[in-house]
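> Please find the sequence and the predicted model below.
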Amino acid sequence: MDAASAALIGMGLAAAGFAGAGVGIGYVFGKMIEAVARQPEAEGRVGKYMWIGFALVEAIALYGLVIAFIIMGKGGK
């Protein structure tokens, strides 16, 4: 296997982190809906933590994107 092929495989593996981020974001918002359905008066408190959790999960997806771009930049060199 040459370096260009390995770079493409590495980019694909780095981009696979998006699937995990999608699952995490769905879980965060699903639990927020569940919490508000059980206790509507806690929406303000839970909402703050939901956005923090969303930002952390989204940051992981952005790290995967950055790594994919770094691998793409190095390519087959």
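Great, that's in hand.
> CA only for contacts and neighbour counts going forward, please
Fine.
> mind listing the helices for the chain?
Along the chain, counting by DSSP state H, helices occupy 3-15, 17-38, 43-74.
> by contact count, what packs against the first one?
Counting contacts by 3 or more Cα pairs under 8 Å, 6 or more residues apart in numbering; DSSP states H and E, helix 3-15 packs against helix 43-74.
> any idea how far Gly26 is from Gln39?
Going from Gln39 to Gly26 by Cα to Cα, to the nearest Å gives 20 Å.
> Pipe the helices of the chain into TSV and attach mean neighbour count per row.
Below are the helices of the chain laid out as TSV (neighbours: other Cα atoms under 10 Å):
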stretch	mean neighbour count
helix 3-15	16
helix 17-38	15
helix 43-74	15
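> Redo those as TSV? Include mean pLDDT.
Rendered in TSV, the data for the helices of the chain read as follows (pLDDT from 0 to 100):
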stretch	mean pLDDT
helix 3-15	86
helix 17-38	93
helix 43-74	91
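> Got the phi and psi for Ala16?
phi -70, psi -20 (degrees, to the nearest 10).
> measure it to Ala4 for me?
The gap separating Ala16 from Ala4 is 19 Å, by Cα to Cα.
> again, but for Met11
As defined by Cα to Cα, Met11 lies at a distance of 11 Å from Ala4.
> Also Ala35?
Using Cα to Cα, Ala35 is found at 48 Å from Ala4.
> again with Tyr27
As defined by Cα to Cα, Tyr27 lies at a distance of 36 Å from Ala4.
> cool, Val23 as well?
Per Cα to Cα, Val23 is found 30 Å from Ala4.
> Glu43 too?
50 Å.
> Could you do Arg45 as well?
Counting by Cα to Cα - Arg45 and Ala4 are separated by 49 Å.
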